[in-house]
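>>> Need a 3D model of the sequence below.
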Amino acid sequence: MKQTPFWVEDHPRPAGLGSDELPAEIDYLVVGSGLTGLSAALRLAEAGKQVAVIDSGEIAGGASSINGGMVSPDVKAGIDTVHAYYGPRVAADMWESTVRSVELVKELSRRPGIDAVTHSGGMAALGRGGKQLRAFDRKLEWYRGRFGVDWEVVDAREIDRIVGGDSFNVALYQPASLGVHPARLVFGLAAEVAQAGAKLVSHCPARSMERTRNGMTVSTGRGVAHAGDVILATNGYTTRAPSRELARLVVPVGSYIIVTEPVGKEMADSVFPGGAMTYTPKRLLNYMRRTHDDRVLVGGRRNLRPGLDLEASAVDLRQAMVRFWPQLEDARVSHVWGGRVGVTFDLIPHIGRVDGAWYALGYAGHGVALALQLGHELAGMLLGEDPTSVYATIPHNGRFYYTGRSTWFLTPASLLYRALDRMGV
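Below is the predicted model:
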């Protein structure tokens, strides 16, 4: 079993990506080379701006190239929660943005050299029993009544067209969702950014920054850059440098994935008959999908902390896989790996400003589409082409017990969430 990401082995990072020198003077400096930063950089560079994207590690070396590759509308908190907190106008604007985010994934994936869409079979939340069926019915009624969604609640009579086996007998199916190959998407996007004229600089951490009369001065591991504006696009890999204030607003949470060796089309069909992405709607959820070469992918976590032991994580995830689908008992796990997702305390993404710099982050596992969308919207704001993004209109607050250093609270939170999930609360 390899402790490396399957996606990057299947589609390696292009040679030379990130080998540019750091310019001394630029219009925009983007810190972080995942989907958020690259999306913003692409729009800015294609508008004729001088742009540099820097990263403390490899270009596109974080979660953007190694995630589950699942794409759907909505935010982690749920637009129904946004509606309750901020009212119908904000909720409607945010919902429309998440719908556009799926279209943006499709649009970018059609660009030459990316070709990242692998499945268009929709997405389904999976459950069991009457309580879960009623919860799905309520959710569908709320979303359909306000946004006219074409979702469908599937009961035990038809569940075998969504998922195989006996573990699940109800589902909430979203047909417009899709799956992507994340390494193809982000590496191809990085190549598009470079082709548009932006500089990509790897192994170049941003150490400090300050606002000056003419913009921002940023000290990095490879020199000093002077930029008109700075975008911090570090999400789950945010640290206290260059902004302590930003670090206290987003929490890095661990996420872990296994994939099996190819199980063959017949076995893959028995698990995912229609090719839908799937997940369990719990606090400590699992997400499951089929890969383009008929492997089974299972992701999730028993503990929210990043950096857990990969072998232990593989055991946990394999047990979940076999519990869901006993026919996979003999399937061998070929890869296990982990990454970080960025989670805000309200489970809603945010755009804002700290210490003179702009930021966009906080996707909480919905980052494939939302990271692209928020990067695109932030760039549109800076160019004066778009109105203020809805994600920049809501308050973004931290908590008194988190300074961006220790995430001690993630372990007790994990214990609480497991207990609540077992009780079905």
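>>> CA atoms for contacts and neighbours, from now on please.
Noted.
>>> what about the helices in this structure?
For the chain, applying DSSP state H gives helices covering 6-10, 35-46, 79-86, 88-109, 129-147, 182-195, 244-247, 265-271, 310-324, 367-383, 410-423.
>>> what's the domain layout of the protein?
For the chain, the structural domains run 6-67+183-250+345-416, 123-175, going by automatic domain parsing.
>>> Please work out which of those is packed deepest.
Most buried of those, by mean neighbour count (mean count of other Cα atoms under 10 Å): domain 6-67+183-250+345-416, with a mean of 21.
>>> How far away from the center of its chain is it?
Distance of domain 6-67+183-250+345-416 from the chain centroid (Cα atoms, centre = their mean, to the nearest Å) equals 13 Å.
>>> again, but for stretch 332-342
Offset of stretch 332-342 from its chain centre (Cα atoms, centre = their mean): 14 Å.
>>> Let's test this: mean pLDDT of it, rounded?
When pLDDT is averaged along stretch 332-342, the result is 98.
>>> What of stretch 84-104?
The average pLDDT for stretch 84-104 rounds to 98.
>>> Same check on stretch 70-81?
For stretch 70-81, the mean per-residue pLDDT is 97.
>>> again, but for stretch 195-204
98.
>>> Hmm, residue 43 and residue 198 touching each other?
No - the criterion here is Cα atoms under 8 Å, and residue 198 misses it with residue 43 at 10.4 Å.
>>> Can you give me the neighbour number for residue 298?
Residue 298 has 24 neighbours, counted by other Cα atoms under 10 Å.
>>> before we move on, back to that, export the domains of the chain to JSON lines and tack on distance to residue 269?
Formatted as JSON lines, the domains of the chain follow (distance: least, Cα to Cα, whole Å):
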{"stretch": "domain 6-67+183-250+345-416", "distance to residue 269": "21"}
{"stretch": "domain 123-175", "distance to residue 269": "8"}
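>>> got a list of what residue 288 touches?
Going by Cα atoms under 8 Å, 6 or more residues apart in numbering, residue 288 touches 277, 278, 279, 296, 297, 298, 299.
>>> for the helices of the chain, which one sits closest to residue 16?
For residue 16, the closest of the helices of the chain is helix 182-195, at 10.3 Å, according to Cα to Cα.
>>> Which strands and helices lie in contact with that closest one?
With contacts taken as 3 or more Cα pairs under 8 Å, 6 or more residues apart in numbering; DSSP states H and E, helix 182-195 sits against helix 6-10, helix 35-46.
>>> Name the residues that touch that helix?
For helix 182-195, contacts defined as Cα under 8 Å, 6+ apart pick out 7-8, 11-14, 17, 34-35, 38-39, 41-42, 45, 59-60, 64-69, 108-109, 113-116, 200, 368.
>>> what do you get for stretch 160-173?
Stretch 160-173 is touched from outside by 122-129, 132-133, 136, 140, 151-156, 159, 270-276, 323-326, with contacts defined as Cα under 8 Å, 6+ apart.
>>> Out of the helices of the chain, which gets the lowest mean score?
Mean pLDDT is lowest for helix 410-423 out of the helices of the chain, coming in at a mean of 92.
>>> Which residues does it contact?
Judged by Cα under 8 Å, 6+ apart, the contacts made with helix 410-423 from elsewhere in the structure are 282, 283, 284, 302, 303, 304, 305.
>>> Send me it as CSV with only the CA atoms.
Output in CSV follows, covering the C-alpha atoms of helix 410-423 (Å, rounded to 0.1, in the frame of the first residue of the first chain):
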residue,chain,number,x,y,z
LEU,A,410,-10.5,19.2,17.3
THR,A,411,-10.1,15.9,19.3
PRO,A,412,-12.9,16.6,21.8
ALA,A,413,-15.0,17.9,18.9
SER,A,414,-14.4,14.6,17.1
LEU,A,415,-15.5,12.6,20.1
LEU,A,416,-18.7,14.6,20.4
TYR,A,417,-19.4,14.4,16.6
ARG,A,418,-19.0,10.6,16.7
ALA,A,419,-21.4,10.3,19.6
LEU,A,420,-24.0,12.5,17.9
ASP,A,421,-23.6,10.6,14.6
ARG,A,422,-24.2,7.2,16.4
MET,A,423,-27.4,8.7,17.9
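>>> Could you give the separation of that helix from the chain centroid?
Taking the mean of its C-alpha atoms, helix 410-423 sits 22 Å from the chain's own mean (Cα atoms, centre = their mean).
>>> Please apply the same query to stretch 145-162.
Distance, stretch centre to chain centre, for stretch 145-162: 24 Å (Cα atoms, centre = their mean).
>>> And stretch 315-331, by the same measure?
Computed by Cα atoms, centre = their mean, the separation of stretch 315-331 from the middle of its chain amounts to 25 Å.
>>> Can you name the residues that contact the residue most central in space within the chain?
In the chain, the residue lying closest to the centroid (Cα atoms, centre = their mean) is residue 367, at 2.0 Å. By Cα under 8 Å, 6+ apart, the contact list for residue 367 reads residue 64.
>>> cool, and residue 362?
Residue 362 touches 235, 236, 250, 341, 342, 343, 344, 347, 348, 349, 350, counting by Cα under 8 Å, 6+ apart.
>>> Just the residues contacting stretch 321-339, thanks.
Under the contact criterion Cα under 8 Å, 6+ apart, stretch 321-339 has outside partners 1-6, 62-63, 66-67, 164-168, 254-261, 263, 271, 298, 306-307, 310-311, 313-314, 318.
>>> For the residue lying farthest from the centre of the chain, give me phi and psi.
No residue in the chain sits farther from the centre than residue 213, which is 35.5 Å out by Cα atoms, centre = their mean. The phi and psi values for residue 213, taken as degrees, to the nearest 10, are phi -60, psi -30.
>>> Residue 5 too?
Backbone torsions for residue 5, taken as degrees, to the nearest 10, come to phi -70, psi 130.
>>> pLDDT score assigned to it?
Note on residue 5: pLDDT of 98.
>>> Provide a list of residues in contact with the residue nearest to residue 175 when sequence neighbours are not counted.
Distances taken as Cα to Cα, 6 or more residues apart in numbering place residue 122 nearest to residue 175, at 4.1 Å, with adjacent residues excluded. Taking Cα under 8 Å, 6+ apart, we find residue 122 in contact with 173, 174, 175, 176, 177, 178, 179, 275, 276, 277.
>>> out of the residues you listed, which is most surrounded?
Greatest neighbour count in the contacts of residue 122, by other Cα under 10 Å, goes to residue 277: 30 neighbours.
>>> What sits closest to it if chain neighbours are left out?
Distances taken as Cα to Cα, 6+ apart put residue 123 closest to residue 277, at 4.4 Å, once the chain neighbours are dropped.
>>> Correct me if wrong: that neighbour contacts residue 152.
No - in this structure, residue 123 is not within contact of residue 152 by Cα under 8 Å, at 10.7 Å.
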